[in-house]
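S.K.: 3D, please:
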Amino acid sequence: MVEAKKIWQYLEEVYDPEVPVLTVVDLGIVQSVDIDGERVEVKITPSYSGCPAMKRMEEDIIEKLNEKGINDVHVELVLSPAWTTDWISEKGKEKLKAYGIAPPQDEPDKSVLFAEPIVVPCPKCGSKDTKLISQFGSTACKAHYQCNECLEPFDYFKCLK
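M.R.: Alright, predicted model coming up:
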């Protein structure tokens, strides 16, 4: 019988199809791993209710665990509590920055709440002299910014609290 700790290690090998530098564990969508005999149940929470990548992640989780010899796998979608960017691991935030995506800031995204952009440091050069280009980046969960120092465009992973 496999232990939950081992399942969590296997889940570190399942990547987000929209942000392929993050695992489902880095992203914080895995809520729990329960084992009942040979059956493994993994509970996941979508990063937002309409996230098109959730079905792919569910399939990838099942495929990865099957690949590791675990054949009775059930993935349950859990909607409450709602996912928050606070659930992204520190390692995940570092991976985002290294990949060129600004990780969420420690405050709610004022651009959504108050129609004014927040200061988002450039993940390339660290400058805080950046500007919001579009509320939506390569995916709905990201906004598109540009650095006024190095002139590089970049995505910002929106803060959801």
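S.K.: And the longest helix anywhere in the chain, what does it pack against?
M.R.: The longest helix of the chain (DSSP state H) is helix 54-67. Under the contact criterion of 3 or more CB pairs under 8 Å, 6 or more residues apart in numbering; DSSP states H and E, helix 54-67 touches helix 4-11, helix 24-27, strand 39-44, strand 72-77. In short, each C-beta sits where N, CA and C put it, glycine included.
S.K.: what about the next helix or strand after the last one, average pLDDT?
M.R.: Spelled out, that is strand 72-77. On the C-terminal side of strand 72-77, the closest following helix or strand by DSSP states H and E is helix 90-99. Helix 90-99 shows a mean pLDDT of 94.
S.K.: Buried residues of helix 90-99, list them for me.
M.R.: Across helix 90-99, burial judged by 16 or more other CB atoms under 10 Å covers 92, 93, 95, 96, 97.
S.K.: who touches the spatially closest residue to residue 71 that is not a sequence neighbour in this structure?
M.R.: Nearest residue to residue 71 in three dimensions, chain neighbours excluded: residue 38, at 7.6 Å (CB to CB, 6 or more residues apart in numbering). By CB atoms under 8 Å, 6 or more residues apart in numbering, the residues touching residue 38 are 1, 70, 71, 72.
S.K.: do residue 26 as well
M.R.: Residue 26 neighbours (CB under 8 Å, 6+ apart): 16, 88, 89, 91, 92, 95.
S.K.: same check, this time on residue 157
M.R.: 19, 85, 88, 96, 101, 102, 103, 104, 141, 142.
S.K.: ok, of these, which come out buried?
M.R.: Buried among the contacts of residue 157 (16+ other CB under 10 Å): 19, 85, 88, 96, 101, 102, 103, 104, 141, 142.
S.K.: ok, so of these, who is nearest residue 124?
M.R.: For the buried ones among the contacts of residue 157, the minimum distance to residue 124 (CB to CB) is 9.5 Å, reached by residue 102.
S.K.: The nearest residue in space to residue 153 that is not next to it in sequence bridge partners, please.
M.R.: Once flanking residues are discounted, residue 153 sits nearest to residue 146: 4.8 Å by CB to CB, 6+ apart. Beta-bridge pairing of residue 146 under DSSP bridges involves residue 131, residue 153.
S.K.: Counting neighbours, what do you get for the nearest residue to residue 62 once chain neighbours are set aside?
M.R.: Of all residues not flanking residue 62 in the chain, residue 73 sits nearest, at 4.9 Å (CB to CB, 6+ apart). Using other CB atoms under 10 Å, residue 73 has 19 neighbouring residues.
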